[in-house]
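Peer 1: please find the sequence and the predicted model below.
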Amino acid sequence: MTVTAAQARPLLVAAGLAAGPAVALGLARFAYALVLPAMRTDLSLSFATAGALNTANAAGYLLGALVAAPLATRLGLRTGYLVGLVVTAAAVLASAGTGSVPVLAVLRLVAGAAGAVALVVGGGLAARAGRDASAGQATRLLAVYFCGGGAGILLSGLTVPPVLAVLGWRGAWVVLGVLAFAALAVAVPAARAVPAEDETAHRSAGGRLPLRPLLPLLVCYGLFGAGYIAYMTFIVAYLRAEGAGSGTVTAFWALLGAAATVAGFLWAPLLARLRAGRGVALVLAVLVLGAGLPLLPGGLPVAIVSAVPFGGAFLTVVTAVTAAARQHLAPRHWTAAIAALTTAFAAGQCVGPVLSGVLSDGPGGVRAGLALGAALLAVAIGVAVLFRDSSPRRS
């Protein structure tokens, strides 16, 4: 398919803005699973405490989602996005400087809050960069934006395990923080490239967000947040328990990140054709497959294979849900809708790590926590099909 110059510019902007998901998700949130085994050993953390630290991050994420839209209205989309990225990077870097669980919890909370602001507001910028695009082009832009999370996972998978082997978990947080600050090199010009009229228009956008029609999508997204996080928090611990060494973990995490990075591009044409919640349900079905594979007989090899369907679907759920809301709502509601959806997602993430962590400390081990996550994702499929989209509205 030929891409014109007019179409290429929004794609380049979305690619630069993808630094937001790369930092907020790939480096500040998901890389925690890579650092966690070494932190558990050095700090004598139980699975419940490890889950609670991720719940602190999720609680911050919830707070950030709640304040993202009003903060963007006050500061502007560009400033809100960049401030979120800087604060996230600073919190990640500061995590190297303490072994105190309460302090780490506060830093995880700050990183979650600032990361949510960057993710939500960056999503609004990406949507506005292709304001007049067709449904297919708009979905492609969102796929490019959210694939940044996969790129962050891939980058952390290639860098963190070797650093852990030499410098320990503190050195890993330093590297993650430096990478997060380096991402500003592409984020700043991309944010500045969003047309000024779109940026200022957001400040005067009016009208209440119609939440009732979005209710199935909100519930589905909350279940997704609670379900996927069990896998992303504890899969590395599961691999270690099955005998995986550093090289295997590096390969697994890189495979997961690579699958997440390319999946959005592969899913975009299909999602553009599927209306309502059908696209969301289809992607969730693939995600359930990935979440369930580690529970099957076969041990380590089967768990490693799960990286492909799970990585190929979990960030695409974010794209599919955002695209469904974008199709349903007028442009003036896009940033508020992304914020509302992210709030539901974050609420689910607050519950998921604690429940899966407590189960993982029990007689069933980490497999029990992973099973809970897969079950919640399966329920989300049924909720997704209840969403009925209306015709796209452009005003």
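Peer 2: Everything's here; your move. Residues are numbered from 1 along each chain as shown.

Peer 1: give me the nearest residue to the residue nearest in space to the middle of the chain, chain neighbours excluded.
Peer 2: Nearest to the mean C-alpha position of the chain, by CA atoms, centre = their mean, lies Leu25 at 4.6 Å. Nearest residue to Leu25, sequence neighbours excluded (CB to CB, 6 or more residues apart in numbering): Gly149, at 3.8 Å. C-beta here means a position set from N, CA and C on the backbone, and glycine is covered the same way.

Peer 1: helix or strand: which one has the one you found?
Peer 2: helix 135-182 (DSSP states H and E).

Peer 1: packing partners of that helix?
Peer 2: helix 5-17, helix 19-21, helix 32-43, helix 77-94, helix 101-129, helix 246-273, helix 314-328 (3 or more CB pairs under 8 Å, 6 or more residues apart in numbering; DSSP states H and E).

Peer 1: which one of those lies closest to Ala230?
Peer 2: Of all the helices and strands packed on helix 135-182, helix 32-43 sits nearest to Ala230, with 10.8 Å by CB to CB.

Peer 1: gap between the closest residue to Gly123 other than its chain neighbours and Leu270?
Peer 2: Spatial nearest neighbour of Gly123, chain neighbours left out: Ile338 (4.5 Å); criterion: CB to CB, 6+ apart. Taking CB to CB, to the nearest Å as the measure, Ile338 falls 22 Å from Leu270.

Peer 1: which residue of the two possesses the greater neighbour count?
Peer 2: Shown here are Ile338 and Leu270; by other CB atoms under 10 Å, Ile338 has more neighbours (28 against 14).

Peer 1: tell me how far that one lies from Gly243.
Peer 2: Taken as CB to CB, the span from Ile338 to Gly243 is 41 Å.

Peer 1: again, but for Leu355
Peer 2: From Leu355 over to Gly243 the distance is 27 Å, taken as CB to CB.

Peer 1: who's more crowded, the two?
Peer 2: Leu355 (18 against 9).

Peer 1: my read: Val236 touches Val35, true?
Peer 2: No: taking CB atoms under 8 Å as the definition, Val236 is not a contact partner of Val35, at 9.1 Å.

Peer 1: neighbours of Val101, how many?
Peer 2: 17.

Peer 1: check contacts around it.
Peer 2: Leu43, Leu45, Thr49, Leu53 (CB atoms under 8 Å, 6 or more residues apart in numbering).

Peer 1: is the second one in contact with Met39, as I believe?
Peer 2: Yes: with contact taken as CB under 8 Å, Leu45 and Met39 are classed as touching, separated by 6.3 Å.

Peer 1: so which of these two has more stuff around it?
Peer 2: Neighbours around Leu45 and Met39, counted as other CB under 10 Å, are more numerous at Met39. The numbers are 24 against 18.

Peer 1: how close does the more buried one get to Ala127?
Peer 2: For Met39, the distance to Ala127 - CB to CB - is 37 Å.

Peer 1: also Thr88?
Peer 2: In terms of CB to CB, Thr88 sits 21 Å off from Ala127.

Peer 1: repeat that for Val385.
Peer 2: 24 Å.

Peer 1: comparing the two, which shows the higher neighbour count?
Peer 2: Ala127 (25 against 16).

Peer 1: so where's the stretch 1-150 of the chain uncertain?
Peer 2: 1-8, 130-136, 138 (pLDDT under 70).

Peer 1: mind redoing it with 50?
Peer 2: Within the stretch 1-150 of the chain, the stretches with pLDDT under 50 are 1-7.

Peer 1: hmm, the residue nearest to Gly123 is touching Ala118, no?
Peer 2: No: the criterion here is CB under 8 Å, and Ile338 misses it with Ala118 at 11.9 Å.

Peer 1: which residue, other than its chain neighbours, is closest to Leu214?
Peer 2: Ala325 is the one closest to Leu214 (CB to CB, 6+ apart), at 6.5 Å.

Peer 1: and that neighbour, what's its pLDDT?
Peer 2: Note for Ala325: predicted pLDDT of 76.

Peer 1: burial count for it?
Peer 2: 25.
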